[in-house]
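Participant: take this sequence and fold it.
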Amino acid sequence: MKIADLITWFEAWANPAWCESWDNCGWQIEPGVLQERARVLVCLTPTLAVMHEAIALNANLIFAHHPLIFTPPKSLHSGEAIAEMARLAFTNNIGIYSAHTNFDQVDDGTADVLAQILQLQQVTPILPTQPGLGYGRVGLLEPSMTLEELLTKIQTRLAPPNLIFSPTANLQQIISRVAVLGGSGASFISAVSKAGAQAYLTSDCKFHQFQESRDRNLILIDAGHYATERPACDRLVQKFQSLNLDWVQLSQKDEDFRQFFA
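Facilitator: Numbering: from 1, shown residues only. Okay, the predicted model is just below:
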């Protein structure tokens, strides 16, 4: 399959027109690879480490969730990360494409994959955007489980380096309705509360957002940006494999940019 055909297939499923006004979905760098047979390296974040990996693996497309460029740079200088990515992309004929808030909304996107990992049932979007699309997912745990069992399940299946949750006096509280949203989802706390969730799995939550959740009787669970979005990248590899591409692989140089001192 040519890269142009792969992008056409993807955009029929997750249209970049659905992305938010502040976002930058679609081509980040297209150095003239559209007619080449697709050799795809999928990653969460396009970094220099991922670019060097793509060069070593002879990939011609880095397919990323996070955009390389959020705010258009006013200039490009040697030694700066975006400039070096652009230089290497054109030198090695490697395209960089991003699927961000459009990929967040669709079935098998970032939130939907989290819901599947937790085996939620009767799932609906936290915040619908149009028929069949929406941000986050909320659904039922069947059977219900204790908060301790839910936290153990999240730790086991996502393997976050640090799992943070709201203060609670009772880890044996029974949880039956859970909301999930990969990446930075604290701005959805009010919508999650209105959706009747008892617990909310997301990331990048601040101190007072835990306070807000506690005051709303909502258990906020922060598993980190990387751990909550990386599984959707793996799912994307599986979907690309079903298209019989010449070659597709999940990046092994993708990084969680946080470390925790033991």
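
Participant: when you work out contacts or count neighbours from here on, use the C-alpha atoms and nothing else.
Facilitator: Will do.

Participant: check the gap between V237 and P231 for me.
Facilitator: 10 Å (CA to CA, to the nearest Å).

Participant: helices of the protein, start to end?
Facilitator: 3-13, 48-56, 81-92, 101-105, 110-117, 147-158, 189-194, 207-215, 225-241 (DSSP state H).

Participant: ok, which of the ones you listed comes nearest W22?
Facilitator: Comparing the helices of the chain by their distance to W22 (CA to CA), the top pick is helix 101-105, with 9.9 Å.

Participant: please name every helix or strand in contact with the closest one.
Facilitator: helix 110-117, strand 133-135 (3 or more CA pairs under 8 Å, 6 or more residues apart in numbering; DSSP states H and E).

Participant: how about the residue nearest in space to the middle of the chain, nearest residue that isn't a chain neighbour?
Facilitator: Nearest to the geometric centre of the chain sits E229, at 3.1 Å (CA atoms, centre = their mean). Using CA to CA, 6 or more residues apart in numbering and skipping the chain neighbours, the partner closest in space to E229 is G182 (5.2 Å).

Participant: give me the neighbour count for the one you found.
Facilitator: For G182, the neighbour count with other CA atoms under 10 Å is 31.

Participant: thinking again about what came up before, most packed of the helices and strands packed on helix 101-105?
Facilitator: Across the helices and strands packed on helix 101-105, the average number of neighbours (mean count of other CA atoms under 10 Å) peaks for helix 110-117, which reaches a mean of 25.

Participant: which stretches of this structure have low pLDDT?
Facilitator: The model of the chain has no residue with pLDDT under 70.

Participant: separation between the residue of it most remote from its centre and Q252?
Facilitator: Computed with CA atoms, centre = their mean, the residue of the chain farthest from its C-alpha average is A169, at 31.3 Å. Between A169 and Q252 the computed distance is 39 Å (CA to CA).

Participant: so V180 sits against V138, correct?
Facilitator: Yes - at 6.3 Å, V180 counts as touching V138 under the criterion of CA atoms under 8 Å.

Participant: shared neighbours of the two, anything?
Facilitator: A115 (CA atoms under 8 Å, 6 or more residues apart in numbering).

Participant: so what pairs up with the closest residue to F165 other than its chain neighbours in the strands?
Facilitator: Leaving aside its sequence neighbours, F165 sits nearest to I221 (CA to CA, 6+ apart; 4.3 Å). Applying DSSP bridges to I221 yields these beta-bridge partners: F165, L201.

Participant: so which of the helices and strands packed on helix 101-105 is nearest A14?
Facilitator: With CA to CA as the measure, strand 133-135 is the member of these nearest A14 (9.7 Å).

Participant: quick check: R39 touching L250?
Facilitator: No - R39 lies out of contact with L250 (CA under 8 Å); the separation is 11.5 Å.

Participant: circling back: any chance of the helices of the chain in TSV, plus distance to I29?
Facilitator: Shown next, in TSV, are the helices of the chain (distance: least, CA to CA, whole Å):
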stretch	distance to I29
helix 3-13	13
helix 48-56	12
helix 81-92	7
helix 101-105	18
helix 110-117	23
helix 147-158	31
helix 189-194	35
helix 207-215	36
helix 225-241	20
